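Q: got a structure for you, letters missing:
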């Protein structure tokens, strides 16, 4: 039996994403959402969100809330929903009873032990695992409900990404579709939902490809139209095994907490399995909506490379207006005990402008930038250039700097003026001898932005206060 009703022809486009609320929003779910969203937007269609929460034990409202919040943070909005399978029980029951009444489904009374024995025997014979039920015509009234699979020949999935994929219908057996009329299984619920919601294109991961012939058989048994399918590649770790926690964070929540930008994550996951056909790598969500197509989705697995994400995130940070970046950095500083609530947005923008080229994530701001907000504490020996300068020589240079900076009017306290005043002195006495201790007394660190950058941010009063403190430390 070949399924010829499923042709890759575009009509009214309606796509969906159907996560199970059994965990936090996963990068794989985010990518599935993005691909379905982009396909709908590209062709002026509708995108639907529904929750497959038939697993009553594992489905939690807090996970549903996390998925909704995460998708909104990423900028992925839906046109309809969220729908919940748990609220659609009567609808499923109606269609299930229809199949039972028509003799297209039946109750199976085989015990778990009998099914396991059948499974073991098939494994020993190296046969495909399936259940060909002896109860299919027995008209039982209790037990697991199965679809009566009378199909022969081939079930063909016309996949928009992979081309035609063929399955031997007989090897699917009489598969389960419900535990009871009030408790249907995934295969049945997803088919009913796709029909009732007029889903035209089912775009999902290749791990669902083996489920598709079963869905087609259910659709045919119910007389439903068959949507078009597209199965994109799985996410892989750098060792090319399926992406898991051992490869690093898999939750969108974790990346958000670490200071990744939603624009960068969207850009990154779009390129996991799709490419524009040229060497472009930076795409806004709006640009992706115009350019995305299933024809350019690859068949092979997509490797999740954190270095690529870090590079993209850094690129987005570099392009961000400093005023906006400063406000995004504020909570990360506060989280690390650096008080910023009383700091003006203008000052935060100055900090952001200096740190911008050095940040891979917003979280990188942390402890290294504490000196912008409070005077540093450090060992005076750190003032020695390459650890060799005598403190008396350092003091002479610090006093010289102090004399120069004291005479600078506040209105002239700019990077350009400070450079013109200090660089000739540094050239004369040795840049390391002059600029190293100046940078240390300003930041208290071995590695930091340049001293003139720091002075331009913290201003004249804070600079002279730190110069004075360095002189006191040298004396002590």
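A: That came in fine, so what should we check first? None of the values given here were measured: they were computed from a predicted structure.
Q: Quickly note the distance from residue 57 to residue 22.
A: 9 Å (C-beta to C-beta, to the nearest Å). Heads up, the C-betas are built off the backbone N, CA and C, glycines and all.
Q: can you list the domains in this protein?
A: According to automatic domain parsing, the chain comprises the domains 320-372, 380-475.
Q: Tell me which stretches of the stretch 1-150 of the chain form strands.
A: Listed in chain order, the strands of the stretch 1-150 of the chain (DSSP state E, counting those that start in this stretch) span 14-17, 46-51, 80-84, 105-108, 144-147.
Q: Who are the packing partners of the longest one?
A: To tie it back to what came earlier, the one meant is strand 46-51. Applying 3 or more C-beta pairs under 8 Å, 6 or more residues apart in numbering; DSSP states H and E, one finds that strand 46-51 makes contact with strand 14-17, helix 27-42, helix 61-74, strand 80-84.
Q: looking at the ones you listed, which is closest to residue 306?
A: helix 27-42 (10.9 Å; C-beta to C-beta).
Q: Give the rounded mean pLDDT of that closest one.
A: Helix 27-42 shows a mean pLDDT of 97.
Q: Contact partners for the closest residue to residue 291 other than its chain neighbours?
A: Leaving aside its chain neighbours, residue 291 sits nearest to residue 276 (5.7 Å; criterion: C-beta to C-beta, 6 or more residues apart in numbering). Contact analysis of residue 276 by C-beta atoms under 8 Å, 6 or more residues apart in numbering lists 283, 291, 296.
Q: quick one: contacts for residue 325?
A: 317, 349, 352, 356.
Q: can you tell me which of the residues you listed are in helices?
A: Within those, membership in helices is found for 317, 349, 352, as judged by DSSP state H.
Q: Pull out the buried residues from those residues.
A: Listed as buried from the ones in helices among the contacts of residue 325 are 317, 349, 352; burial here means 16 or more other C-beta atoms under 10 Å.
Q: Nearest to residue 409 among the contacts of residue 276?
A: Taking the contacts of residue 276 together and measuring to residue 409 by C-beta to C-beta, the closest member is residue 283, at 47.3 Å.
Q: And the pLDDT at the residue nearest to that closest one when sequence neighbours are not counted?
A: Among residues not flanking residue 283 along the chain, residue 267 sits closest, at 5.4 Å (C-beta to C-beta, 6+ apart). Residue 267 is assigned a predicted lDDT (pLDDT) of 98.
Q: quick one: secondary structure of residue 267?
A: helix (DSSP: H, G, I helix; E, B strand; the rest coil).
Q: so residue 433 touches residue 397, yeah?
A: Yes - counting by C-beta atoms under 8 Å, residue 433 touches residue 397, with 6.0 Å between them.
Q: Can you check the pLDDT for residue 452?
A: pLDDT, residue 452: 96.
Q: Can you get me a residue count around the nearest residue to it once chain neighbours are set aside?
A: Among residues not flanking residue 452 along the chain, residue 418 sits closest, at 4.9 Å (C-beta to C-beta, 6+ apart). Other residues near residue 418 come to 21 when the count uses other C-beta atoms under 10 Å.
Q: just residue 388 next, same as before
A: Neighbour tally, residue 388, other C-beta under 10 Å: 9.
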